[in-house]
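>>> Generate a structure from the sequence data that follows.
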Amino acid sequence: MARHGSNSEDYAGPLKRLLLAVLVLCLLGLFVFWRIDSPRAERFRAQIIDAVIPGFDWAMAPVTGIVTLLRDFQSYQRIHEQNQELRRELRQMTAWKEAALQLEQENARLRDLNNVRLDPRLTYITGVVLADSGSPFRQSVLINVGSRDGIVDGWATMDGIGLVGRISGVGANTSRVILLTDATSRIPAVIQPSGQRAMVTGDNTATPPIDFLENPDLVKPGDRIVTSGDGEVFPPGLLIGQVAQDPGGRLRVRLAADYERLEFLRVLRDHGARRVNAPSGLILPAPLPEGPEATAEEPAAPADAGSNG
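Residues are numbered from 1 along each chain as shown. As a prediction, this is how the structure comes out:
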């Protein structure tokens, strides 16, 4: 058995070397044949390629699949990048569109301000609304004009359509505007066409009630309400709104001014108006005298009268 095994090993080594030599000779012969420049050799090479290459399709299938997958991935990546770029451009165009709409709205409101017909004796200055209190107890806004612009307490303010409120508190660069809807606001008004005089009283709602109406039977919903000029605080003829009626039957004012979008206000310079030294005097009565000094002064008058008599 040992001798048989050693003989097999003795034959295996030369056989491997012989096969290797034959393979090298075949490859060398194939290489030399492939380099021969002859029409007959070219036809023979074409026949070999036509016979051998189709049989290697199964071997090339994985390589072809990998190449196709890489190309598809690169194409998907390019499409994804283009999609992201288009999304960025769409967001930018949307932002530009919103900005254009805002500018258009601001221009429309400014045109409305210019189209309001006022008394030629009145001049005005336009201010930008900086802040809105919007609280249930205080209805006011802050504008960016003040004493340096000549603003005075008590002057009327309007938007592009109707009366908004009055100046109540002036700083160097800003002013506070009390809105018609504020609970402290009282505006003398006249209702057209009946000519009935009334008082528009703020109650912190969007539709202030109409009080102290002379003859309610002459007033109907839709009538025009303007300032009467009584008290010499507001110029006469400024549009306030229209008469409306709530479900309870009470007459109220549907304000002409757009209180939802107060961005620009026109302050009317009425130099003929009564100068207001204390802004609260527009809305609150003068305080009654209190204390023993007031009670002592009241009986003093008849005593003086008796002595003169």
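>>> May I ask which helix or strand encompasses E104?
Here E104, judged by DSSP states H and E, is contained in helix 57-115.
>>> Run through this protein and note the low-pLDDT ranges.
Applying pLDDT under 70 to the chain picks out residues 1-11, 34, 45, 50-60, 106-121, 133-137, 271-309.
>>> ok, the residue nearest to R250 when sequence neighbours are not counted to Y76 distance?
Distances taken as CB to CB, 6 or more residues apart in numbering put P209 closest to R250, at 5.8 Å, once the chain neighbours are dropped. Glycine gets a C-beta too; all of them are placed from N, C-alpha and C. From P209 across to Y76, the span is 68 Å (CB to CB, to the nearest Å).
>>> out of these two, which sits in the more crowded spot?
Set P209 next to Y76 and count neighbours by other CB atoms under 10 Å: P209 wins out with 17 against 10.
>>> show me the contacts for that one.
Residues near P209 by CB atoms under 8 Å, 6 or more residues apart in numbering: V200, T201, D203, R250, L251, R252, V253.
>>> contacting residues for the third one?
With contacts defined as CB under 8 Å, 6+ apart, D203 is in contact with T181, A183, P209.
>>> next one: T181
Q139, G202, D203, N204, T205, A206, P208, L255, Y259.
>>> For it, which non-adjacent residue is closest in space?
Q139 (4.6 Å).
>>> Check whether the one you found really touches I178, as I assumed.
Yes. With contacts counted by CB atoms under 8 Å, Q139 reaches I178, the gap being 7.2 Å.
>>> Stretch 218-226: end-to-end distance?
Start-to-end span of stretch 218-226 (CA to CA, to the nearest Å) is 16 Å.
>>> Give me the distance from that stretch to the chain's centre.
Relative to its parent chain, stretch 218-226 has a centroid offset of 35 Å by CA atoms, centre = their mean, to the nearest Å.
>>> Mind listing what's buried along it?
By 16 or more other CB atoms under 10 Å, the buried positions in stretch 218-226 come out as V219, D223, I225, V226.
>>> Who are the packing partners of the helix holding E104?
For helix 57-115, the elements it packs on are strand 264-269, judged by 3 or more CB pairs under 8 Å, 6 or more residues apart in numbering; DSSP states H and E.
>>> Other residues contacting the strand it packs on?
So strand 264-269 is contacted by 106, 109-110, 113, 116, 118, 122-129, 141, 143, 145, 150-151, 155-160, 164, 167, 175, 177, 235, 238 (CB under 8 Å, 6+ apart).
>>> Stretch 220-231 too?
156, 163, 187-194, 197-198, 200, 210, 234-245, 251, 253, 274.
>>> ok, now which ones touch R138?
R138 makes contact with D182, according to CB under 8 Å, 6+ apart.
>>> circling back to that earlier point, among the contacts of T181, name the buried ones.
Buried by 16+ other CB under 10 Å: Q139, G202, N204, P208, L255, Y259, out of the contacts of T181.
>>> Which parts of the longest strand along the chain count as buried, going by neighbours?
In terms of residue count, the longest strand belonging to the chain (DSSP state E) is strand 123-132. Residues of strand 123-132 classed as buried: Y124, G127, V129 (neighbour count, 16+ other CB under 10 Å).
>>> ok, that strand: who's next to it in the sheet?
Next to strand 123-132 in the sheet, as set by DSSP bridges, lie strand 140-143 (antiparallel), strand 264-269 (antiparallel).
>>> And that strand, how far out from the chain middle?
On CA atoms, centre = their mean, the centre of strand 123-132 falls 19 Å from the chain's centre.
>>> what's around the nearest residue to G202 once chain neighbours are set aside, how many residues?
Leaving aside its sequence neighbours, G202 sits nearest to S185 (CB to CB, 6+ apart; 3.6 Å). When neighbours are counted by other CB under 10 Å, S185 registers 22.
>>> phi, psi of S185?
Dihedral pair for S185: phi -90, psi 130, per degrees, to the nearest 10.
>>> For it, list the residues it contacts.
Contact partners of S185, counting by CB under 8 Å, 6+ apart, are Q139, G165, R166, I178, L179, V200, T201, G202, P208, I283.
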